[in-house]
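>>> sequence and predicted structure are below.
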Amino acid sequence: MTLPRPSLCPMIPSLLIAALLAGCTGLPKVAPAYAVHDFGGPDPVAARSPGVPLRGLEVVAAPWLASTAIQYRLAYAQPTRRQAYVESRWAAQPAQLVELALKRAVRTGGEAGTSGACRLRVELDEFAQVFDEAAASRGVVEARAFLLAPRSDQIVASRGFSLARPAPSADALGGVAALRGGVRQMGVELSDWLEALGREGAARGRCGA
């Protein structure tokens, strides 16, 4: 007895649907839109001359800051967890943004252009928005500055910075504003510190002045 063969016709629509679905998955996905932030243009106030000759300024960030993510921390709920905003990014990594801001605040070159001048190295340890409560946050900037001697790179002087500025709003925009303010304040304090070193004389002498 010959068994009847199953008809292929009912399967054709199912195969076509499966092929169309498979083709759809290969379409390019639209990248999610997100806001890109930096610190804005330079302040109208000109960069201040340091108290010691400087041949350069560099900012190096900790590994956990090596991305363009705008990071935040819920200190009241998960104090050990770093999080990042999904719809907002920095225009560059924090080290690059902070370095540009400090170069706008502290003048290098000129008499510091010789090989006998010192080098300023800033190590950025923290750069995040910290929420102490759900509706209250602050921008935290922590860094260490090292004045390095010519040629040997021995530490001539060092200083730590721990700055916190209240955020005007409990979101990414508020965090950006607070961190921007913290970096500007660090630029002022860094200039004050370098000028004080110059008045003392010892550091100025080691930097070739």
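On my side now, so go ahead. Numbering: from 1, shown residues only.

>>> now do the longest strand along the chain: which elements does it pack against?
Criterion DSSP state E: the longest strand present in the chain is strand 118-133. Counting contacts by 3 or more Cβ pairs under 8 Å, 6 or more residues apart in numbering; DSSP states H and E, strand 118-133 packs against strand 54-61, strand 69-74, helix 94-105, strand 136-148, helix 172-200. Where C-beta positions appear, they are placed from N, C-alpha and C, glycine not excepted.

>>> need those in a markdown table (columns: mean neighbour count, mean pLDDT and distance to Arg121).
Shown next, in a markdown table, are the helices and strands packed on strand 118-133 (neighbours: other Cβ atoms under 10 Å; pLDDT from 0 to 100; distance: least, Cβ to Cβ, whole Å):
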| stretch | mean neighbour count | mean pLDDT | distance to Arg121 |
| --- | --- | --- | --- |
| strand 54-61 | 19 | 94 | 6 |
| strand 69-74 | 21 | 98 | 23 |
| helix 94-105 | 21 | 96 | 11 |
| strand 136-148 | 21 | 97 | 5 |
| helix 172-200 | 19 | 94 | 12 |
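
>>> would CSV of those with distance to Ala84 be doable?
Below are the helices and strands packed on strand 118-133 laid out as CSV (distance: least, Cβ to Cβ, whole Å):
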stretch, distance to Ala84
strand 54-61, 15
strand 69-74, 4
helix 94-105, 12
strand 136-148, 14
helix 172-200, 10
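
>>> out of these, nearest to Gln154?
Nearest of the helices and strands packed on strand 118-133 to Gln154, taken as Cβ to Cβ: strand 136-148 at 6.9 Å.

>>> just the CA atoms of whichever helix or strand comes after that closest one, as PDB, please.
Elements were assigned by DSSP states H and E; along the chain past strand 136-148, the next helix or strand is strand 155-166. Written as PDB, here are the backbone C-alpha positions of strand 155-166 (Å, rounded to 0.1, in the frame of the first residue of the first chain):
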ATOM      1  CA  ILE A 155      59.000  65.000  43.000                       C
ATOM      2  CA  VAL A 156      59.700  68.600  43.900                       C
ATOM      3  CA  ALA A 157      56.300  69.200  45.600                       C
ATOM      4  CA  SER A 158      52.900  67.500  45.700                       C
ATOM      5  CA  ARG A 159      49.400  68.300  46.800                       C
ATOM      6  CA  GLY A 160      46.000  66.600  46.900                       C
ATOM      7  CA  PHE A 161      42.700  68.000  45.800                       C
ATOM      8  CA  SER A 162      39.300  66.900  47.100                       C
ATOM      9  CA  LEU A 163      36.500  69.100  45.700                       C
ATOM     10  CA  ALA A 164      32.700  68.700  45.900                       C
ATOM     11  CA  ARG A 165      30.200  71.000  44.300                       C
ATOM     12  CA  PRO A 166      26.400  70.700  44.700                       C
END
